[in-house]
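Q: task: produce atomic coordinates for the following.
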Amino acid sequence: MYFQYLKAIHIIFVTTWFAGLFYIVRLFVYFAETDSLASPEKEILQKQYRLMQQRLWYIITWPSALITALMGTLLVIEYGMIPGWLWIKLSFVLALFIYHFICHKIFKDQQRGLSPYTSQQMRLWNEVATVLLVGIIFIVVLKNALSMVWGLVGLVILSFLMMLGIKIYKILREK
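A: Sure thing, here's the model as predicted:
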């Protein structure tokens with residue numbers, strides 16, 4: 001029973017962590033778009049976006065990431081061994097934490113008023129979390145190598161389609 005409670009808490013905080021990651025990058029996009037605005041609108045919006053980013057990042061996203069990691073560690077300990085599929089999942093989770101730390105760097109830059117990436121680059125960056133989420137879910141649900149291969153092929157196709165969608169959206173927006 002203890003294992004099921006751990007798993008439920010883990011899933012809850014994975015969900016809130018991803019929600020935070022998805023939304024923080026949208027805020028990065030909006031912040032980057034303010035670069036083309038004139039004063040005082042630019043300063044007003046950047047101040048508001050920095051506040052929203054700060055609250056989201058420190059109140060939701062970071063705590064969710066840490067609780068997810070803690071619950072995941074407890075689940076692995078409780079599970080007693082690490083099957084092959086879990087090693088693959090953990091490699092995706094490592095990639096997710098790398099993504100999180102890169103988002104933290106972007107967050108810190110924008111908190112200082114810097115916007116090192118364009119809104120288009122941020123839109124592409126936003127899709128990385130989606131790709132990782134899909135990969136992790138397929139690995140956890142399927143748990144068998146052949147199904148994972150097909151899932152990863154689907155993931156590559158999904159990534160291609162998302163990039164294509166972003167390019168089409170950019171073309172439509174510029175018209």
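
Q: which strands or helices does the lengthiest helix in the chain pack on?
A: Taking DSSP state H as the criterion, the chain has its longest helix at helix 2-33. Using 3 or more C-beta pairs under 8 Å, 6 or more residues apart in numbering; DSSP states H and E as the contact test, the elements touching helix 2-33 are helix 41-55, helix 62-79, helix 84-111, helix 119-142. (Glycine included, C-beta is placed from N, CA and C.)

Q: any idea which of these gets closest to Asp35?
A: Checking the helices and strands packed on helix 2-33 against Asp35 by C-beta to C-beta gives helix 41-55 as the closest, at 7.5 Å.

Q: how about Tyr117, nearest residue that isn't a chain neighbour?
A: Ala32 (6.2 Å; C-beta to C-beta, 6 or more residues apart in numbering).

Q: and Thr68, by the same measure?
A: Using C-beta to C-beta, 6+ apart and skipping residues adjacent in sequence, the residue nearest Thr68 is Phe13, 4.4 Å away.

Q: please report how far the one you found lies from Leu90.
A: Separation of Phe13 from Leu90 (C-beta to C-beta, to the nearest Å) stands at 16 Å.

Q: Arg123 reaches Val29, doesn't it?
A: Yes - here Arg123 reaches Val29: they are 5.8 Å apart, a contact under C-beta atoms under 8 Å.

Q: residue contacts, Pro116?
A: Counting by C-beta atoms under 8 Å, 6 or more residues apart in numbering, Pro116 touches Ile106, Asp109.

Q: related to what we said a few turns ago, hey, what's in contact with both of Arg123 and Val29?
A: Contact with both Arg123 and Val29 is made by no residue, according to C-beta under 8 Å, 6+ apart.

Q: which regions of this protein sit below the pLDDT cut-off?
A: 144-148 (pLDDT under 70).

Q: does the nearest residue to Val76 once chain neighbours are set aside count as helix, strand or coil?
A: Closest residue to Val76 apart from its sequence neighbours, by C-beta to C-beta, 6+ apart: Ile82 at 6.4 Å. What DSSP: H, G, I helix; E, B strand; the rest coil gives for Ile82 is coil.

Q: run a quick neighbour tally on Ile82.
A: Applying other C-beta atoms under 10 Å, we find 11 residues neighbouring Ile82.
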